[in-house]
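K.L.:
model this:
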Amino acid sequence: MNESEWRQTYGVSGSEKLPLVTIIAINWNYGAYLLTALRSAVAQDYPALEIIVLDNGSDDDSPVLIKTFVEEHPQVRFIELSRNLGQLGAAHHIVTQHRISGDFVSFLDTDDFLFPHFISHHVRAHMLVNNRVGVSTGDTLQVDRHGTIVAGNMPHWWKASNANRPGWADVQIPTQHDTPRPLAMTLIPPSQRRWCWYPGTSIVYRRRNIERLMSAIRDPIEVKFALDTSAAPFCHAEGGSIMLNEPLSGYRVHGRNSSVTAPQLQYFDSGRVSFETGNKRQERWFRKNIRKKQTA
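P.N.:
Predicted coordinates for the structure are as follows:
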């Protein structure tokens, strides 16, 4: 699909060049799921993509799988590390040590996967809202190790009918088709401080905000620190968030997930009861880094 066809399909008028989106796949020992994730990245119907895959010092067959995949898809750039920096550490390495060109950045966990229209729906929302929002997030289907759907969406506090959501705006944004179609989304103000995003892979960030974040933190970064725990609140504070309430990706539950959310199935054990303590430790570390940056 070229840019003109994309605009016609998704109802976004204009003649300016579409924003480039960088998909960064960060992998560590996910050889069992890796190719599904990478194939979902190259299968995106959005025409302006940069794709980077980083291997975090895996000791399974991941490096071989990635090298073979890159040979078949030479548009994909491969960065191989000799040791595991963790998810946040790897993201910090890519942003500070390598060149990324996208106006927006999507971090793909290689145990998850994207639906073909994932990037298109996020970019369309940003272009139609046009208010420099820092983050967009979309719902996700939960799947098991084998890819079988085990839950239709992610449970979150704000989905409760009595949830207190001051400043949130449920809006209908018209597309720019000949016959406009209303797109339902939620605009969340920067004043919202409670966690309100779907996990990891489901989030797209403005690159400028990610670069500010990564320039504000310093090594050492604990291997267990998750990217979205720091990135989503930081980027949200600089423009708010767009919430797309339709599933746009698959979130695989297999026992090594860092998200606090577990499937809504009594018989299904995610292997993680809660990461609340770890998140608080990361928050303290991050605030300390930010203070050092501001006083330097």
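K.L.:
Distance of residue 52 relative to residue 131?
P.N.:
28 Å (CB to CB, to the nearest Å). C-beta here means a position set from N, CA and C on the backbone, and glycine is covered the same way.
K.L.:
Of these two, which one has the most company?
P.N.:
residue 52 (22 against 9; other CB atoms under 10 Å).
K.L.:
Provide the backbone phi and psi angles at that one.
P.N.:
The phi/psi pair for residue 52 (degrees, to the nearest 10) reads phi -130, psi 140.
K.L.:
and residue 91, helix, strand or coil?
P.N.:
Judged by DSSP: H, G, I helix; E, B strand; the rest coil, the three-state class of residue 91 is helix.
K.L.:
for residue 79, same thing?
P.N.:
If you use three-state DSSP, then residue 79 falls in the strand class.
K.L.:
quick one, what contacts it?
P.N.:
52-55, 94, 98 (CB atoms under 8 Å, 6 or more residues apart in numbering).
K.L.:
Which strand residues bridge it?
P.N.:
On the basis of DSSP bridges, residue 79 is bridged to residue 54.
K.L.:
Residue 149 against residue 247, yeah?
P.N.:
No - using CB atoms under 8 Å as the test, residue 149 is too far from residue 247 to be in contact (9.6 Å).
K.L.:
which residues sit in contact with the closest residue to residue 169 other than its chain neighbours?
P.N.:
Among residues not flanking residue 169 along the chain, residue 187 sits closest, at 4.5 Å (CB to CB, 6 or more residues apart in numbering). Contact analysis of residue 187 by CB under 8 Å, 6+ apart lists 129, 133, 168-169, 171, 240-243.
K.L.:
closest to residue 209 among those residues?
P.N.:
Taking CB to CB as the measure, residue 209 sits nearest to residue 133 out of the contacts of residue 187, at 10.0 Å.
K.L.:
For that closest one, grab the count of nearby residues.
P.N.:
By the measure other CB under 10 Å, the count of residues near residue 133 is 21.
K.L.:
what's the spacing between it and residue 122?
P.N.:
Distance, residue 133 to residue 122, by CB to CB: 11 Å.
K.L.:
neighbour count winner among residue 149 and residue 247?
P.N.:
More crowded of residue 149 and residue 247, by other CB under 10 Å: residue 247, with 20 against 11.
K.L.:
I'd say that one and residue 143 touch.
P.N.:
No - Residue 247 is beyond contact range of residue 143, at 10.7 Å (criterion: CB under 8 Å).
K.L.:
circling back to that earlier point, any chance of the contacts of residue 187 in TSV, with secondary structure too?
P.N.:
As requested, those are exported to TSV (three-state DSSP):
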residue	secondary structure
129	helix
133	coil
168	coil
169	strand
171	strand
240	coil
241	strand
242	strand
243	strand
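K.L.:
Farthest pair within those residues?
P.N.:
The widest separation within those (CB to CB) is 14.1 Å, between 129 and 168.
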